[in-house]
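**Student:** Below: sequence and its predicted model.
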Amino acid sequence: MRSELLGVEIPTTLTEDGLNIITHDTLRRVVREYPRLNITLKPLTLTPQMCVFEATALDTDTGRKETEIGESNPASLKTEISKENPAVMAYYRAYDRALIQLLNLPEGKVYSNNEIAKYKPVKPAVKEDQKQHEQAKQPKQQQSQPKEQKDQTAGPKVLAEAYGCKICENGGKVIIYDVAKKSWLKHKDGSAFAFDSKEKAMNALKQREAKKGSGGKQQAQAALPDDTVIAFGKFKGKKFGDIKESNEFKEFVQNLKDSPVSYGDGVQAQVDAIKALAV
């Protein structure tokens, strides 16, 4: 889902009801990556019957400001965790509502996971081997051959993009899709690489990149000459050589490493190169 404020894609999950769900953790990561975004909260009511927080989100670059209210009461808390933490839920809802408005996501189409506790994501596409198995059961005259190869990441949820690959979640496991080869990364026996978390998958990609040449970090530095102008984030417009040794930039690189935000084709290559600098 594209943020008109930042001009970047922010990951959301499409539900069977046609809604787009964005998680609280994703919103927090966006704020951490873009220091231009500030958000402050204050409690208005804290009682067993009702908890209310007010959140004000501000973009310091444009001066745009959004203020929203988040509330919780026994009737609006559906899970055991939320029932035990009503003030936290009100805080989260205010935070998420204000930031969704500030990011200028399509109005009426994006909701926080703290607003809608139970939802059904759109089911992933049927796997190719399963599809062939089902086709084998049908009479030959009913079988149809695909006219063209489709992107196999249409179903699984894309968590991040790096090194020309997409890190996806499918069936509780994290797998890696090679965009250029249009196939999942596999072991020699043909089984797909599967990880327990996005971080482990990202580390595997980094190790894979390091083996291609003299090492991932050295390659990244070679791809970023000192006169390279940074094209995104808080250092946009500055030369790489002027900032690369600063502690502030090193912290920015570490935060960027696990960022879920994806950028346009003209910027993503630079983003990936900077991510590779992270230790």
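**Tutor:** Done, it's in.

**Student:** And the helices in this protein?
**Tutor:** 24-33, 80-84, 86-102, 128-137, 198-212, 216-222, 240-243, 247-257, 265-275 (DSSP state H).

**Student:** Highest mean neighbour count out of those?
**Tutor:** Ranked by mean neighbour count under mean count of other CB atoms under 10 Å, the helices of the chain are led by helix 86-102, which reaches a mean of 23. Just so you know, the C-beta spots here come from the backbone N, C-alpha and C atoms, and that holds for glycine as well.

**Student:** Counting by contacts, list what that one packs against.
**Tutor:** Counting by 3 or more CB pairs under 8 Å, 6 or more residues apart in numbering; DSSP states H and E, the packing neighbours recorded for helix 86-102 are helix 24-33, strand 37-46, strand 51-59, strand 65-72, strand 110-112.

**Student:** So which of these is nearest I243?
**Tutor:** Among these, the nearest to I243 by CB to CB is helix 24-33 (15.9 Å).

**Student:** List the neighbours of that closest one that are in contact with it.
**Tutor:** Contact with helix 24-33 is made by 6, 10-11, 37, 39, 92, 95-96, 99-100, 103, 112-114, 233, 255-256, 258-261, as judged by CB atoms under 8 Å, 6 or more residues apart in numbering.

**Student:** Could you figure out how far it is turned away from helix 247-257?
**Tutor:** If you take axes from the mean of the first three to the mean of the last three CA atoms, to 10 degrees, helix 24-33 sits at 160 degrees to helix 247-257.

**Student:** so how far is helix 24-33 off the chain centroid?
**Tutor:** The chain centre lies 9 Å from the centre of helix 24-33; the measure is CA atoms, centre = their mean, to the nearest Å.

**Student:** what angle separates it from helix 86-102?
**Tutor:** Using the same axes, to 10 degrees: helix 24-33 against helix 86-102 is 60 degrees.

**Student:** mind exporting helix 24-33 as CSV, just the C-alpha atoms?
**Tutor:** The C-alpha coordinates for helix 24-33 follow below in CSV (Å, rounded to 0.1, in the frame of the first residue of the first chain):
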residue,chain,number,x,y,z
HIS,A,24,1.3,-1.9,14.8
ASP,A,25,4.9,-3.3,14.6
THR,A,26,5.0,-2.1,10.9
LEU,A,27,3.9,1.4,11.8
ARG,A,28,6.5,1.6,14.6
ARG,A,29,9.3,0.5,12.2
VAL,A,30,8.2,3.3,9.8
VAL,A,31,8.5,5.9,12.5
ARG,A,32,11.9,4.5,13.5
GLU,A,33,13.2,4.7,9.9
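
**Student:** and the angle for it with strand 51-59?
**Tutor:** Using the same axes, to 10 degrees: helix 24-33 against strand 51-59 is 40 degrees.

**Student:** pLDDT of helix 24-33, averaged?
**Tutor:** Mean per-residue pLDDT for helix 24-33: 93.

**Student:** try stretch 231-248
**Tutor:** Stretch 231-248 carries an average pLDDT of 88.

**Student:** Same check on stretch 78-96?
**Tutor:** Average pLDDT, stretch 78-96: 90.

**Student:** Any idea which of the helices of the chain gets closest to A55?
**Tutor:** Minimum separation from A55 across those (CB to CB) falls at helix 86-102, 3.8 Å.

**Student:** can you give me the offset of that closest one from its chain's centre?
**Tutor:** With CA atoms, centre = their mean, you get 19 Å for helix 86-102.

**Student:** likewise stretch 68-76?
**Tutor:** 26 Å.

**Student:** The closest residue in space to F53 that isn't next to it in sequence and K173: what is the separation?
**Tutor:** Of all residues not flanking F53 in the chain, A94 sits nearest, at 4.1 Å (CB to CB, 6 or more residues apart in numbering). With distances taken as CB to CB, to the nearest Å, A94 is found 34 Å from K173.
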